Each structure stands twice: as C-alpha cells, then as structure tokens.
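Trainee: can you look at this prediction? I've put the sequence above it.
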Protein chains: 2
Amino acid sequence: MKIAIAGAGAMGSRFGLMLYRSGNDVVLIDQWHDHVETIKKNGLKANYNGQEITEQIPIFYPQEMTSNKTQVELIIVFTKATQLEHMLQAIKPLIGIKTMVLCLLNGLGHEDILQHYVSKKNILLGITMWTAGLEAPGKAKLFGDGEVELQNIDPAGEAGAHRMVNVLKKAGLGGIYSSNVKYSVWRKACVNGTLNGTCTLLDATIGAFGATTAAIPILKAIISEFAAVAQKEGVVLNQKEILDHVAATFDPNGIGMHYPSMHQDLIKNHRLTEIDYINGAVARKGRAYNLPTPYCTFLTELVHAEEQILKAR
Amino acid sequence: MKIAIAGAGAMGSRFGLMLYRSGNDVVLIDQWHDHVETIKKNGLKANYNGQEITEQIPIFYPQEMTSNKTQVELIIVFTKATQLEHMLQAIKPLIGIKTMVLCLLNGLGHEDILQHYVSKKNILLGITMWTAGLEAPGKAKLFGDGEVELQNIDPAGEAGAHRMVNVLKKAGLGGIYSSNVKYSVWRKACVNGTLNGTCTLLDATIGAFGATTAAIPILKAIISEFAAVAQKEGVVLNQKEILDHVAATFDPNGIGMHYPSMHQDLIKNHRLTEIDYINGAVARKGRAYNLPTPYCTFLTELVHAEEQILKAR
C-alpha cells in the first residue's frame, strides 16, 4: 500500500519503519532540516529493540509535495498538534478522493481541522500506546510494545477502517478496530489533561506530582470538567475508572519517574506546547456549551504565560 | 510606651528600631537563633537610609516570655502568618487586660486567631506600605518611605486605635486611622492573591508575569473570586480599581523587576508559603459561603504541590 507519514519524528519514524519493513511503499514527510537531510543521505537508522538497522525510506519536506507527486492510499499524521493544519495544507497534492487519513495525535478536536482537507468518510481517529524516541537526527530508538486502536468517524468509512487495521496488524503495529474510539480519545486526553500542564508548571516528574496531597483533588476537578464537556459530545466518561487509570501512572516502577512530553517541550526545549489541544480545547468547548471549566482555563492560561516567559517558539 | 515586636525579622526590625529611637520601651521577640544571638551580643544594626546605626534593643526567644515578664501596652505582630498562633501562645504572659495587639500581616483571617488570645476591643488590624530587608542576621537594611493604616475591629477599641496611631506617627512610621481598614486589607490581599502564587509557580518576576497575555484574564478571575467572598463579609470591592492597582505593579520602573515574597520563600529558600492565608483563605471562606472559588482553590493546590515537591519546611 502507498503510505505517507506526515510528521516523521520519533513516532512517525517508528510507524514508517515498521510499515516499510512489512512491504508497503512508504514516504516520510518532515520539516526538521537536520533530520530530513540525514535520512536523505544515510537512510533512516534505528536501534530497533536492540538491533541496529537502516532502511532507505524516501523522505521529503512538506513543501516538496508538489502536484506531480502521486496520491497515496493512507496518510498517517504524526505532527505536533500545532503543525497539523500547516502540514495538511502542504501535502494536499497527496490527498485523493480515496485517500484515508489516520490521526493518532494526542488531544481533542483534530477532526475539525482534518475535515477541511479530507472527506469525513475517509477520516480515521485513533490512539496508540506505542512509544518512540530519537537518539539523533535520522536515528530512532524503538523499544517496547504497543498497539493502535482506530475507528472511522463516519459510518461510511468502516470498510476502509478495517482495511487499515489489517495493514497495521501485518506491520506488527497491533491494529484494533474500536467500536467507540471517541471514548478512548477522551480517556487518553484526561491523562494528558491532568499530567502535562501540571507537571510542566511544577517542574516535576509524574510520580513527584502524584506523591503530593494536591494531586488527587486536582485530577478529580480536571476530569470532571472533561467529563461534563465530553457528555455534550455524546461521550459518557467513567470518571472513577479514569481517575484510577491516571493515578496508576504515578507508580515509580512505571512511568512515574518520567516527565510528560509537555515538560520536555517547554521546560527542556523552550518549544510551544499543545495545551490548546488538551485543556485549552476543553475550555473552548466548555465556553461553546456554556459549561464552566475553570481548572482547564486557568491551567491553559498558566502554561501560555510560562511559554511567553520562557520565550518558547 | 512599653511595646513588644512579636516577630523581629526585617519588618519587625524596622518597626522596633523606629519605635525605640522615638523613646519607647521596646522588646523584640524572635525565634531565629542566629538573628537573636547576634542582636543579644551586638545590638540591632541597620543600614538606615544610608547611615550605619546600632541600637541596644533587648531581644528574646518566644519561649523566654515566662510569666515574670511585665505586660506590655502594645504588641505588633510581624510573624509569618503560619507562625502567628504559635507566637501568641508563647507570649501570652505579655498580654494583659489593656494590651492592644496590632496585626499588619498580609492575608486574611488573622483576626480569627487573634481573638483567641486578645479581647476583640483590643485588636487593631492594619496594612503597611513600608518595606524592609535583612543583610545578615542582626543587620537590617531600611530604605524608602511608607505608612501604616489601622483600625480597631470593635467599636469599643477606637480610642486605643487613635492612641496607637499617635505612637506610630511620633516614630515617623506614618500612622493613619482608617475608617474602613477591612477594605484596605482585602484590597492588599488581592495584590498578593494575584501575584504571589502565580509568580512563584511561573518562577517569574512580577513584570515578567505581567507582560504575558494571560496576566489580565488571571487577575480578573482571581479578583472576582475575592470580591464575591468579600461581599459576604460586608466589603464591596471596586474590582476595576483593584485590577488597575495590581496591573500598575507590572511596571519595570516600580516593583516589576522584583519577585514577590512567596517566590523568595518557596523557590529561593524552600520555605512553606502563606498561600493558606491568601488564596487558601478565600477558597475556605468560599466553601463556607457556598461560593465557587476555583482559581483560588487550584492555585492553592498547585502551590502546596510545589511546597511538597521542593520539600519546603
């Protein structure tokens, strides 16, 4: 299958590599100069579960996607949330009438942007448990296991969704057809919405934040705001189960010793965060539904203040 | 007049020194070992508007206030809010039936504690614009100008309040009898409630926080919560005037280049903060009045989380 990976950072490299190695015709698209040039020259390298591998996968800048490029059957978007629209605009020539787009980005509301570029029946939403890292430009570090849960957002897209599940399965990526992917997306957004902004502001690991007496009250307040807004969108969250699910991440034997990705973006690298697609999205939707979301609103304001103070870009 | 300064840090040293130099019989009380021992040995030293001075003012530990000490006419409390009750307990022997207590602490609700130790007609509440610093244990740095605004909390205390205003005036401390000190206390609490917790979490100066696009929305939300709770206590805040008053502190030619005291306490010195007496007090009162105070509650939770993460004591 002809597949484009739009956003070939750590996760995009994992998906591109595994799909390529299972026989698909893959192209990578990314805008990070050093990364693209290194892969153009040396191929995509990876420490793949301890084995050093190299695959000659074609890679392009978004702006290289001129109209002479062939349309693809599947695009998997793996940009930062903030760069999704810009990427879709650039790769428009790849999107044909039959092109399916699978969005595995964290956060909420990406389908609103996707619908400007792809017909609704060709949009697949999903979440993934895979992780990935980059050791250096052009060199991924890929350990562990994972899976992908996805679903069409329009009933007419179901056959296509099942086809893509099979492609992912064949690549060892663990495709699962979900009967309620919106629930999974909201549930995962609760994890990011309770941990990302807080640990970033507190400059704390997930476990260090979780060990404070403030953690559970904060989690409860934020999850209840997510739940109130989700309900307006037809998703009834089980708040108790989600609270336990988030609290389980505090375990120092699990991911408790780690900082969330937003901490890495803002505190370590002084990059703009995705807060507008997590708590900011709930605050925005809350305003539209006339629902109070003060914790999400305040957290979004504080993270934006921190971005400006650190001159994040 | 026989006066005890209960809490002789930077501000207590200023008040003690100026009252002593205008002829009062002053004792200082403090629990910081190095500070007390240095003053016992060398007297209280100060750089007083550029002039190096030393005054032999008696200083004691709170636990030295046994019952053989004479009762005093005025006690000015200048402890950390968190240490007020402990101090009052220790200096009980100084408090007689005529002893007036003047509280100039930042924050809200101190009168509730004072009433356990002093009859209501002898309690004076106030605010002060004076500043003060310590260069070292036993050595204050006292520049600039200020004044003290105070009022009895019980009508029966008015004559005493006027007497104390005159004592402060005579000492050059600028005593002003206020007809509505509760308003001034709430107005000053709004300044601390909008700047202290936020700048501490953001690790930012007042001006750096103020320069962000998030500052005004955050100020508005917090001030409106203070105003709603104040109204239940008979104080009708002018939110627009207070917003302008707080926003004026952002000016880098004023205090905008400085960090608020809470930042110094927590981020610099890993000390517990006074958040429970500022936003925490509004959150607590809000719960009692059944008023939502989510910004104050969340900010208090986040600052407590930061205290625990930094192992503040």
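Mentor: Yep, that arrived.
Trainee: okay, now the domains of chain A?
Mentor: Domains of chain A are assigned by automatic domain parsing as A:2-178, A:182-309.
Trainee: quick one: the shortest one to chain centroid distance?
Mentor: On the basis of C-alpha atoms, centre = their mean, to the nearest Å, the separation between the geometric centre of domain A:182-309 and that of its chain is 15 Å.
Trainee: is that domain anywhere near chain B?
Mentor: Yes. Residues of domain A:182-309 contacting chain B under C-beta under 8 Å from any C-beta of the partner chain: A:198, A:201-204, A:208-209, A:211-215, A:217-218, A:221, A:292, A:294-295, A:297-299, A:301-302, A:304-306, A:308-309. C-beta coordinates here come from the backbone N, C-alpha and C atoms, glycine included.
Trainee: buried subset of those, written for PyMOL?
Mentor: Selecting only the buried entries of the residues of domain A:182-309 next to chain B in PyMOL, with 16 or more other C-beta atoms under 10 Å in any protein chain shown as the criterion:
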select buried, chain A and resi 198+201+202+203+204+208+209+211+212+214+215+218+221+294+295+297+298+299+301+302+304+305+306+308+309
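Trainee: show me what contacts the residue of the stretch 151-300 of chain A found nearest chain B?
Mentor: Going by C-beta to the nearest C-beta, chain B is nearest to A:P294 of the stretch 151-300 of chain A, at 3.5 Å. Counting by C-beta atoms under 8 Å, 6 or more residues apart in numbering or on different chains, A:P294 touches A:225, B:221, B:292, B:294-295, B:298.
Trainee: show residues contacting stretch A:109-116.
Mentor: Taking C-beta under 8 Å, 6+ apart as the rule, stretch A:109-116 contacts A:77, A:81, A:84-85, A:88, A:101, A:103, A:123, A:125, A:153, A:277, A:281, A:284-285.
Trainee: one more: stretch A:243-260?
Mentor: Contacts with stretch A:243-260, where a contact means C-beta under 8 Å, 6+ apart, come from A:187, A:190-192, A:194-196, A:199-200, A:204-207, A:209-211, A:215-216, A:219-220, A:223, A:267-268.
Trainee: which of those residues count as buried?
Mentor: With burial judged by 16+ other C-beta under 10 Å, the buried subset of those is A:187, A:190-192, A:194-196, A:199-200, A:204-207, A:209-211, A:215, A:219-220, A:223, A:267.
Trainee: related to what we said a few turns ago, what distance do you get for the residue of the stretch 151-300 of chain A closest to chain B to B:N253?
Mentor: Distance of A:P294 to B:N253, given as C-beta to C-beta, to the nearest Å: 34 Å.
Trainee: repeat that for A:M257.
Mentor: Using C-beta to C-beta, A:M257 is found at 45 Å from B:N253.
Trainee: where in the stretch 1-150 of chain A is pLDDT low?
Mentor: In the predicted model of the stretch 1-150 of chain A, residues A:68 satisfy pLDDT under 70.
Trainee: hey, where'd the helices end up in it?
Mentor: Assigned by DSSP state H, counting those that start in this stretch, the stretch 1-150 of chain A shows helices spanning A:10-21, A:33-42, A:84-90, A:110-114.
Trainee: including distance to B:D30, could those helices go into CSV?
Mentor: Shown next, in CSV, are the helices of the stretch 1-150 of chain A (distance: least, C-beta to C-beta, whole Å):
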stretch, distance to B:D30
helix A:10-21, 55
helix A:33-42, 59
helix A:84-90, 59
helix A:110-114, 59
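Trainee: deepest of the ones you listed, which one?
Mentor: Per-stretch averages of neighbours, counted by mean count of other C-beta atoms under 10 Å in any protein chain shown, single out helix A:10-21 among these, with a mean of 23.
Trainee: quick one, it and helix A:33-42 angle?
Mentor: 20 degrees (axes from the mean of the first three to the mean of the last three C-alpha atoms, to 10 degrees).
Trainee: got a list of what the residue located most distally from the centre of chain A touches?
Mentor: Distance to the chain centre peaks in chain A at A:T213, reaching 29.9 Å (criterion: C-alpha atoms, centre = their mean). In this structure, A:T213 makes contact with B:304-305, B:308, judged by C-beta under 8 Å, 6+ apart.
Trainee: which of these sits closest to B:E241?
Mentor: Nearest to B:E241, judged by C-beta to C-beta, of the contacts of A:T213 is B:H304 at 30.7 Å.
Trainee: OK, contacts around the closest one?
Mentor: By C-beta under 8 Å, 6+ apart, B:H304 lies in contact with A:212-214, B:275.
Trainee: closest one to B:M11 out of those residues, please.
Mentor: Nearest to B:M11 among those, with distances taken as C-beta to C-beta, is B:I275, at 19.3 Å.
Trainee: surely A:G7 touches A:H35?
Mentor: No. Look at A:G7 against A:H35 with C-beta atoms under 8 Å: they stay out of range, at 11.0 Å.
Trainee: now the common contact residues for the two.
Mentor: With C-beta under 8 Å, 6+ apart as the test, A:G7 and A:H35 reach no residue in common.
Trainee: ok, A:L44 to A:K232 distance?
Mentor: 43 Å.
Trainee: between the two, which one's more packed in?
Mentor: Counted by other C-beta atoms under 10 Å in any protein chain shown, A:L44 and A:K232 do not tie: A:L44 has more neighbours, with 24 against 13.
Trainee: give me the most central residue, chain A.
Mentor: Centre-nearest of chain A using C-alpha atoms, centre = their mean is A:L105, 2.2 Å out.
Trainee: contacts only, for that one.
Mentor: A:77-79, A:81, A:84, A:277.
Trainee: neighbour-wise, which of those leads?
Mentor: In terms of neighbours by other C-beta under 10 Å, these top out with A:F78 at 28 neighbours.
Trainee: take the residues of domain A:182-309 next to chain B and keep only those in helices.
Mentor: A:198, A:201-202, A:208-209, A:215, A:217-218, A:221, A:294-295, A:297-299, A:301-302, A:304-306, A:308-309 (DSSP state H).
Trainee: OK, contacts around A:A90?
Mentor: A:62-63, A:65 are the contacts of A:A90 under C-beta under 8 Å, 6+ apart.
Trainee: and those residues as TSV, adding neighbour count and distance to chain B?
Mentor: Shown next, in TSV, are these (neighbours: other C-beta atoms under 10 Å in any protein chain shown; distance: C-beta to the nearest C-beta, whole Å):
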residue	neighbour count	distance to chain B
A:P62	18	29
A:Q63	10	31
A:M65	20	34
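Trainee: closest one of those residues to B:Q31?
Mentor: When those are compared for distance to B:Q31 (C-beta to C-beta), A:P62 wins out at 64.1 Å.
Trainee: for that closest one, which non-adjacent residue is closest in space?
Mentor: A:A90 (3.4 Å; C-beta to C-beta, 6 or more residues apart in numbering or on different chains).
Trainee: same deal with A:G234?
Mentor: A:K182 (7.5 Å).
Trainee: the one you found reaches A:L237, doesn't it?
Mentor: No. Assessed by C-beta under 8 Å, A:K182 is found out of contact with A:L237, at 10.4 Å.
Trainee: higher neighbour count, the two?
Mentor: Neighbour tally, A:K182 and A:L237, criterion other C-beta under 10 Å: the higher count belongs to A:L237, 20 against 17.
Trainee: so that one, which state does it fall into?
Mentor: Classification of A:L237 using DSSP: H, G, I helix; E, B strand; the rest coil returns coil.
Trainee: name the nearest residue to it, sequence neighbours excluded.
Mentor: Among residues not flanking A:L237 along the chain, A:A227 sits closest, at 4.3 Å (C-beta to C-beta, 6+ apart).
Trainee: likewise for A:I53?
Mentor: Computed as C-beta to C-beta, 6+ apart, the closest residue to A:I53 that is not its neighbour in sequence is A:A46, at 5.5 Å.
Trainee: which residues touch the one you found?
Mentor: Shown in contact with A:A46 (C-beta under 8 Å, 6+ apart): A:13, A:17, A:52-55, A:139-142.
Trainee: now do 10 Å
Mentor: A:13-14, A:17-18, A:52-55, A:132, A:134-135, A:138-142 (C-beta atoms under 10 Å, 6 or more residues apart in numbering or on different chains).
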